[in-house]
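> What would the 3D arrangement of this be:
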Amino acid sequence: MNQSVRIVLYVLIFLLSFIGNSLIITVLVRNRRMRTVTNLFLLSLAVSDLMLCLFCMPFTLIPNLMKDFIFGTGMCKVATYFMGISVSVSTFNLVAISLERYSAICNPFKSRTWQTKSHAAKVITATWVVSFLLMLPYPIGSTLVPFMRSNNSTGNMCHLLGLYVFLLLILFLVPGIIMMTAYGLTSLELYRGIKFEMANRNNSVANGKEYCTSNLKNGNGCYLQPFKRKRPDPVTPGFVNPKSKLRRVCSNSTTANLKAKKRVIRMLLVIVGLFFLCWTPIFVVNAWRAFNRRSADRVLSGAPISFIHLLSYTSACVNPIVYCFMNKRFRQGVLATFSCCRADFEEVSRSSTQRSARGAGGLGTLFGGTGVTRQADGKTQSSGTLTRLTDTSIRGSAQA
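The predicted model follows:
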């Protein structure tokens, strides 16, 4: 029963990890508009998680079930080397994403000067190069260790000799502290923004003033100054005062910003929690092995170590969900990438844009003005702004 459960869980996590990360790689490679700074790190994270799925899970489950590493010494060294690289790159990418988000939210104006695609590409390249060099002791220290099985036969297990304390520091403690610090400061900054907006909203109700906060799109944290309520204009039947619309928009914008910030804080807490939940057990086991290998192998051999490894491999499954599939724009990008009617849909959008441009004399859409074209008799006519915005929204929905 333990073997059946292990096989089912490993196959399930393997398929989810493989499909999820392959989907992320396909979407980000095929859609150039989605290649933002953050998405470049997510692309690197997906590649490393896919490597973790391919090189770790099969070479962990099969030897644990058979109680023998049947792939030979050479494959032991190669598999452990790529295991270390995938774990290292995945961890370093998570750290880079946490620092990028901290800079974007807490230091928005300074971060705009250096948070570019070229800078992200350099950081990602350095991450991979450092991981390849840092994990060189893996193939050197990995070897087949013989042991006596319960039926008095001899089996071999692929083990890494030493380096457990070093890996505990480099791949778990230091990255975990950096992520906790970065996301903690980011959450604190967002919490201050929530308190600021709540105080402004309460003051606006008490003093009869209105506050309109800026959108979170740019993440600059700037707020507009309050303005005094003027005497209400006379109400004309059938006429809607645009100022009343503005007040409702301001109120809705404040509520939306508060909800968005709370969602971001919850997501950051989930990210840190999942990181420690997935990786703490395996690094604790490795530290145990560093000080008392015989007792650790005796207690954890078989099913316990299989489930502990499976928990660490679950990170390759949950990372695509947390970082990508919880993002509305990424989901729209997936639909746009794999929609069978994508070409027809874009063709219809282009043709409708051309028709609206011809109907407006081509001026409103061409120059991107106010979207209103002045006719000879002094009347105004829409220049197809709605169609142009629809086409723009289609293109913008693919951006993360």
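> use CA for all of it now, contacts and neighbours both
Fine.
> Where do the strands of the stretch 251-400 of the chain begin and end?
Under the criterion DSSP state E, counting those that start in this stretch, the stretch 251-400 of the chain contains strands at 372-374, 380-382.
> quick one: least confident helix or strand in the protein?
helix 363-367 (a mean of 29; mean pLDDT, DSSP states H and E).
> all helices of the stretch 151-300 of the chain, in order?
Assigned by DSSP state H, counting those that start in this stretch, the helices in the stretch 151-300 of the chain fall at 164-168, 174-207, 242-291, 293-300.
> Pull out the buried positions in the second one.
Applying a neighbour-count criterion of 16 or more other Cα atoms under 10 Å, one finds 175-176, 178-180, 182-184, 186-187, 189-191, 193-194, 197, 200-201, 204 buried in helix 174-207.
> Next: the first one.
In terms of neighbour count (16+ other Cα under 10 Å), helix 164-168 has its buried residues at Tyr164, Val165, Leu167, Leu168.
> what do you get for stretch 114-126?
Gln115, Lys117, Ala120, Val123, Ile124.
> ditto for stretch 90-108
Using 16+ other Cα under 10 Å as the burial criterion, the residues of stretch 90-108 that qualify are 90-106, 108.
> Point out where the protein drops to low pLDDT.
The chain contains residues with pLDDT under 70 at 1, 204-255, 257-258, 340-400.
> Determine which residue lies closest to the centroid of it.
The residue lying closest to the centre of the chain (Cα atoms, centre = their mean) is Tyr323, at 2.3 Å.
> And for the closest residue to that residue other than its chain neighbours, the neighbour number?
The shortest distance from Tyr323 to any non-neighbouring residue, by Cα to Cα, 6 or more residues apart in numbering, is to Leu42 (7.5 Å). Using other Cα atoms under 10 Å, Leu42 is surrounded by 25 other residues.
> now do Val89
Applying other Cα under 10 Å, we find 27 residues neighbouring Val89.
> check contacts around it.
Counting by Cα atoms under 8 Å, 6 or more residues apart in numbering, Val89 touches Leu45, Ser48, Thr127, Trp128, Ser131.
> mind checking which helix or strand it is in?
For Val89, the enclosing helix or strand under DSSP states H and E is helix 72-106.
> Relative to Val87, how far out is the nearest residue in space to Ala290 that is not next to it in sequence?
Leaving aside its chain neighbours, Ala290 sits nearest to Tyr164 (5.8 Å; criterion: Cα to Cα, 6+ apart). Separation of Tyr164 from Val87 (Cα to Cα, to the nearest Å): 14 Å.
> Equivalent analysis for Arg35, please.
Separation of Arg35 from Val87 (Cα to Cα): 24 Å.
> Over to Leu167?
Separation of Leu167 from Val87 (Cα to Cα): 10 Å.
> Overlap of the contact sets of the two?
The contact sets of Leu167 and Val87 do not overlap (Cα under 8 Å, 6+ apart).
> Compare the helices of the stretch 151-300 of the chain and report which one is nearest to Asn152.
Proximity of the helices of the stretch 151-300 of the chain to Asn152 was assessed by Cα to Cα; the nearest stretch is helix 293-300, lying at 15.7 Å.
> and the closest one, what other elements does it pack with?
Here helix 293-300 touches helix 242-291, going by 3 or more Cα pairs under 8 Å, 6 or more residues apart in numbering; DSSP states H and E.
> which residues touch Pro175?
Shown in contact with Pro175 (Cα under 8 Å, 6+ apart): Thr91, Phe92, Val95.
> meant to ask about Ser306
By Cα under 8 Å, 6+ apart, the neighbours of Ser306 are Arg6, Thr60, Leu61, Asn64.
> CSV for those residues, including secondary structure?
Converted to CSV, the contacts of Ser306 look like this (DSSP: H, G, I helix; E, B strand; the rest coil):
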residue, secondary structure
Arg6, helix
Thr60, helix
Leu61, helix
Asn64, helix
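> Go through these and name the one nearest Arg263.
Using Cα to Cα, these come closest to Arg263 at Arg6, 34.6 Å.
> and that closest one, how far is that from Phe338?
Distance check for Arg6 against Phe338: by Cα to Cα, it reads 33 Å.
> Neighbour count: those two, which is higher?
The residue with more neighbours, out of Arg6 and Phe338, is Arg6; 18 against 12, by other Cα under 10 Å.
> Leaving out the residues flanking it, which one is nearest to Asn2?
Once flanking residues are discounted, Asn2 sits nearest to Ala303: 6.9 Å by Cα to Cα, 6+ apart.
> one step back: Arg35 and Val87: who's more crowded?
Neighbours were counted for Arg35 and for Val87 using other Cα under 10 Å; Val87 has more, 23 against 20.
> Enumerate every residue touching the more buried one.
Ser48, Asp49, Leu52, Leu171.
> now these in CSV, with secondary structure, distance to Asp297 and neighbour count?
What follows is these, written out as CSV (DSSP: H, G, I helix; E, B strand; the rest coil; distance: Cα to Cα, whole Å; neighbours: other Cα atoms under 10 Å):
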residue, secondary structure, distance to Asp297, neighbour count
Ser48, helix, 28, 25
Asp49, helix, 27, 29
Leu52, helix, 23, 27
Leu171, helix, 22, 19
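> which two in the contacts of Ser306 are spaced the farthest apart?
Arg6 and Thr60 (11.2 Å).
> Where does His147 fall, secondary structure wise?
Not His; residue 147 is Phe. Assigned by DSSP H and E, Phe147 falls within strand 142-148.
> Now do stretch 16-32: everything it contacts.
Applying Cα under 8 Å, 6+ apart, the external contacts of stretch 16-32 come out as 34-35, 39, 43, 46-47, 49-50, 53, 314, 316-318, 320-321, 324, 333-334, 337, 398.
> Narrow those to those in helices?
If you go by DSSP state H, those have 39, 43, 46-47, 49-50, 53, 316-318, 320, 333-334, 337 in helices.
> SS state for Asp68?
Of the three states, Asp68 takes coil under three-state DSSP.
> Could you count how many residues lie near it?
19.
> I'd say it and His159 touch.
No: with contact defined as Cα atoms under 8 Å, Asp68 does not reach His159; the gap is 11.7 Å.
> Next, the contact list for Arg289, please.
Counting by Cα under 8 Å, 6+ apart, Arg289 has contacts Tyr164, Ser295, Ala296, Asp297.
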